[in-house]
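Q: Fold the following and give me the result.
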Amino acid sequence: MDEFRSTFTSKGQLVIPAKLRRKHRIQAGTKVHISEDHFGRIVLQPITEDYIDRVRGLLADGPDLLALWEKEHREEGKHDK
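A: A predicted model of the protein is given here:
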């Protein structure tokens, strides 16, 4: 595992080293999901096409969330009448 260092600017900006940007296909305008894990570490997850494809693959075998939502929506509508 490579280790890198970077410094926050006075505006709170942080430069991701070029090697990591190339590896993860991060370009200007790439959105980033920011979270904190249970160890208190800040985790940055770039929202790239690769990431979206992996998430879609994980959800492919799961329930059809749209169908479930539509069913619940219809059930709520029946109760309102």
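Q: element containing residue 34?
A: Using DSSP states H and E, residue 34 sits in strand 31-36.
Q: Now do the buried residues in whichever helix or strand comes after that strand.
A: As assigned by DSSP H and E, the chain's next helix or strand after strand 31-36 is strand 42-47. Under the neighbour-count criterion of 16 or more other CB atoms under 10 Å, strand 42-47 has residue 46 buried. C-beta coordinates here come from the backbone N, C-alpha and C atoms, glycine included.
Q: so how far is strand 42-47 from its chain's centroid?
A: The chain centre lies 7 Å from the centre of strand 42-47; the measure is CA atoms, centre = their mean, to the nearest Å.
Q: Just checking: what are the partner strands of it?
A: Next to strand 42-47 in the sheet, as set by DSSP bridges, lie strand 31-36 (antiparallel).
Q: what sits up against the strand holding residue 34?
A: 42-47 (CB atoms under 8 Å, 6 or more residues apart in numbering).
Q: if we take the residues you listed, which one ends up nearest to residue 30?
A: For these, the closest approach to residue 30 (CB to CB) belongs to residue 46, at 5.3 Å.
Q: Tell me how far the closest one lies from residue 76.
A: Remark: distance between residue 46 and residue 76 (CB to CB, to the nearest Å) = 37 Å.
Q: same question, residue 40
A: Distance, residue 40 to residue 76, using CB to CB: 40 Å.
Q: Looking at those two, which is more packed in?
A: Between residue 40 and residue 76, counted using other CB atoms under 10 Å, the more crowded position is residue 76 (9 against 6).
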